[in-house]
Every structure is written in C-alpha cells, then in structure tokens.
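Asker: Using only what follows, build the 3D model:
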Amino acid sequence: MSRSAGYGFDWDDVHAEERTYRFLYSPQITRFLNYQNAQSPKTALDIGCGSGQLTRELYHRGYLTLGVDFSQNAIKHARALTTVSENQLLYRVLDVEQDDLSVLPCQPYGLITCYLVYPFIEDKISFLKKTHELLAVGGIFVLITPVCLTPEDTKKPAVSAEEFGLLSSVFKELDSYQVEDFHYFIGSQKS
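Answerer: As a prediction, the model looks like this:
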C-alpha cells in the first residue's frame, strides 16, 4: 500500500532511508506533560511515531506506550531502535484514517501525541473525533506541528486559524504555545 496524500512522496519510501526526524527534547516533553491530570491513566498513544523517539521517551517516563505509523518501514526502524520487549513498548502499523482504532490495546489513553503528522491528515474532522474518542477523561491530546510546512512557504502556517477552530470544537481547554519553529496544541477530553 502506498499513500502520498498529494504531497508527492510515499511514506514507506521516506522511512526506507531510516531517517530520524528532529527529536523532541526533555524540557519540551515535560512542558506538555504538565498539562495532564494526575488521575488520568499512564497510557500513551503516539500517532505517526516514525522511528519511535517520542514513544521511547514516554515509556521511560512511566507510560504504557503504543506507537503507530502508516509506514511499515517506520515501525521496523522503531522496533530496531527499541531495546525493551514488545509487551512493554508496543508498535503497530496502522492507518489512523482508515483502520479501526477501537481494536488498539491500552485504551483509553491518558495521553495522545501527534508529532509532525497533522498537516498530512486528509480528513481532519474525522481524525480529531477518533482521537477524542480514544482519550480518557482527564487525558490530553498533544498536537505538535511546524509553524510552516516548508521553509519556502513561510507565509502558510501548518495549522490554519480555521483548523485551530476545528481543534477547539473537538477538545476543551485548548491551549497553544510556540517553541522555536513548532506550535504545540494541547486539548483535553470534552465531556
């Protein structure tokens, strides 16, 4: 299966190079984790986990973590970089737009992260509703996206004002902040 979502590339080809994308550093992760309610479960879903850097970091912070990615090559690379057993840190090939998310283990999730994926989601409304349904009461959804999609296109934000409104309609207590050239959107479960 090949999907380029109109961006002119295939995700399996991109991940065949075993490319590692920009890491999130510990203070950046700590900052968004401070939004989480202490009573929410320590389960995490990392959507579009790529090589698994964030997934592994969440595991080391005490989360039962599942990393999912559309690309088989990304999941193969993430598993190769992970030294803990599969029953402690899980990876699955999954298309969050097409596959049945109700079969995922460890639900509901106290934390759902989506790093560098959202601009490539075709049906954003459906995607946000699905993630909302997977989120535990008191849990948070963390969307991390570049300020702009490419250096050549600095005038077009990766998340438009309209899409921010869409996020606000699905998640309550939406907060956002910028660190360097990334926007962080934090939403909690809307009852």
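
Asker: Near the nearest residue to residue 134 once chain neighbours are set aside, how many other residues are there?
Answerer: Beyond its immediate neighbours in the sequence, the residue positioned closest to residue 134 (Cβ to Cβ, 6 or more residues apart in numbering) is residue 109, lying 5.4 Å away. (Glycine included, C-beta is placed from N, CA and C.) By other Cβ atoms under 10 Å, the residues close to residue 109 number 26.

Asker: List the contacts of residue 109.
Answerer: By Cβ atoms under 8 Å, 6 or more residues apart in numbering, the contact list for residue 109 reads 41, 43-45, 134-136, 139.

Asker: ditto for residue 62
Answerer: residue 42.

Asker: Return the per-residue confidence for it.
Answerer: Looking at residue 62, its pLDDT reads 95.

Asker: Ok, residue 5 next?
Answerer: According to the prediction, residue 5 has pLDDT 45.

Asker: still on that earlier bit, quick one: which of the contacts of residue 109 sit in helices?
Answerer: Using DSSP state H, the subset of the contacts of residue 109 located in helices is residue 134.

Asker: And the residue nearest the centre of the chain, how close does it get to residue 183?
Answerer: Residue closest to the average C-alpha location in the chain (Cα atoms, centre = their mean): residue 114, at 1.6 Å. From residue 114 across to residue 183, the span is 12 Å (Cβ to Cβ, to the nearest Å).

Asker: between those two, what contacts are shared?
Answerer: residue 144.

Asker: Counting neighbours, what do you get for residue 118?
Answerer: 22.

Asker: thought it was touching residue 124?
Answerer: Yes - with contacts counted by Cβ atoms under 8 Å, residue 118 reaches residue 124, the gap being 7.4 Å.

Asker: what about the spatially closest residue to residue 179 that is not a sequence neighbour, how many neighbours?
Answerer: Spatial nearest neighbour of residue 179, excluding adjacent residues (Cβ to Cβ, 6+ apart): residue 28 at 5.9 Å. Using other Cβ under 10 Å, residue 28 has 17 other residues around it.

Asker: What mean pLDDT does the helix or strand harbouring residue 28 get?
Answerer: Element membership of residue 28 [criterion: DSSP states H and E] is helix 26-33. Averaging pLDDT along helix 26-33 gives 95.

Asker: correct me, but the residue nearest to the centre of the chain touches residue 141?
Answerer: Yes - the criterion here is Cβ under 8 Å, and residue 114 meets it with residue 141 at 7.4 Å.

Asker: Name all residues that sit in contact with those two at the same time.
Answerer: residue 131.

Asker: List the buried residues in the helix holding residue 28.
Answerer: Buried residues in helix 26-33, counted by 16 or more other Cβ atoms under 10 Å: 28-29, 32-33.
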